[in-house]
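Asker: fold the following for me, if possible:
(chains A, B, C and D)
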Number of protein chains: 2
Amino acid sequence: MGATKTDLFTKEQNEIAAMAKALAHPARIAILQYLVKKNACVCGDLVDELGLAQATTSQHLKELKTAGIIQGSIEGVSVCYCINPKVWKQYKELFNTFFKDVDLQQTCC
Amino acid sequence: MGATKTDLFTKEQNEIAAMAKALAHPARIAILQYLVKKNACVCGDLVDELGLAQATTSQHLKELKTAGIIQGSIEGVSVCYCINPKVWKQYKELFNTFFKDVDLQQTCC
DNA sequence: TTAACCTATCGCAATATTACGATGTATTTT
DNA sequence: AAAATACATCGTAATATTGCGATAGGTTAA
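Answerer: Predicted structure coming up:
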């Protein structure tokens, strides 16, 4: 046991959960917020920005890259990261759809 | 090691990450979608709906309840769950703010 | 070429999550 | 009161995540 039983759920449910998982760590939220704030490629200063060890930072960056929400490209001696606008939009839309309005007047039992 | 270093991040970053964590499992997405679809209190049929063991289902429900996004109330011999509209709205707004538009024209390095 | 620099990956330890059977608890039915 | 019902909690095993030191890999500067 211990592994998520993905086969029990729909593709969409697994997809939303996977997106949420990519966001489920404050370091990754911090990275994304930083990239959005800069609205440009950020080369190198992410390790200083976060306060985590270089190896740990790299691992979080890898997860975000695997999720597709950021992209990195080698620029000389360092690597530059930026938001992948297309995937960002997908996240935005999927969460928007998920959080569509529920009847706020509903009375619970 | 192994524990998230929450002290390195802002309250908001930890909050968003915690919300995302609550959504980071397909079973919990399935539960929420089901409650939204019914738009009412759901008593009992969640275990059958999910296909997971009763103990596992109960555990996921507890996580959602701890996160505040659902509420449960005892109704006779069973427990009824429904979306907490207020918290749902908070989630919606927080994610909306987080996913505010980025300049889709940005050119990456 | 060598040294310096930056990032990725490996290996490991600590902690967290997922899953389920067994059992506990509370309410209703008989 | 006893049995039935429904959910929660406990205990445990399997797996995943988090974090970091050490090291490997690739690029630039000397």
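
Asker: drop to CA atoms for contacts and neighbour counts, all remaining ones
Answerer: OK.

Asker: residues near A:Lys92, how many?
Answerer: By the criterion of other C-alpha atoms under 10 Å in any protein chain shown, A:Lys92 has 19 neighbours.

Asker: how far off centre is whichever strand or helix holds it?
Answerer: Using DSSP states H and E, A:Lys92 maps to helix A:85-98. The chain centre lies 11 Å from the centre of helix A:85-98; the measure is C-alpha atoms, centre = their mean, to the nearest Å.

Asker: packing partners for that helix?
Answerer: Contact analysis of helix A:85-98 by 3 or more C-alpha pairs under 8 Å, 6 or more residues apart in numbering or on different chains; DSSP states H and E lists helix A:11-22, helix B:85-98 as its packing neighbours.

Asker: that one vs helix A:11-22, what angle?
Answerer: Inter-element angle recorded for helix A:85-98 and helix A:11-22: 110 degrees (by axes from the mean of the first three to the mean of the last three C-alpha atoms, to 10 degrees).

Asker: and the contacts of helix A:85-98?
Answerer: Here helix A:85-98 makes contact (C-alpha atoms under 8 Å, 6 or more residues apart in numbering or on different chains) with A:Ile16, A:Met19, A:Gly68, A:Ile69, B:Gln33, B:Lys92, B:Phe95, B:Asn96, B:Phe99, B:Val102, B:Asp103, B:Leu104.
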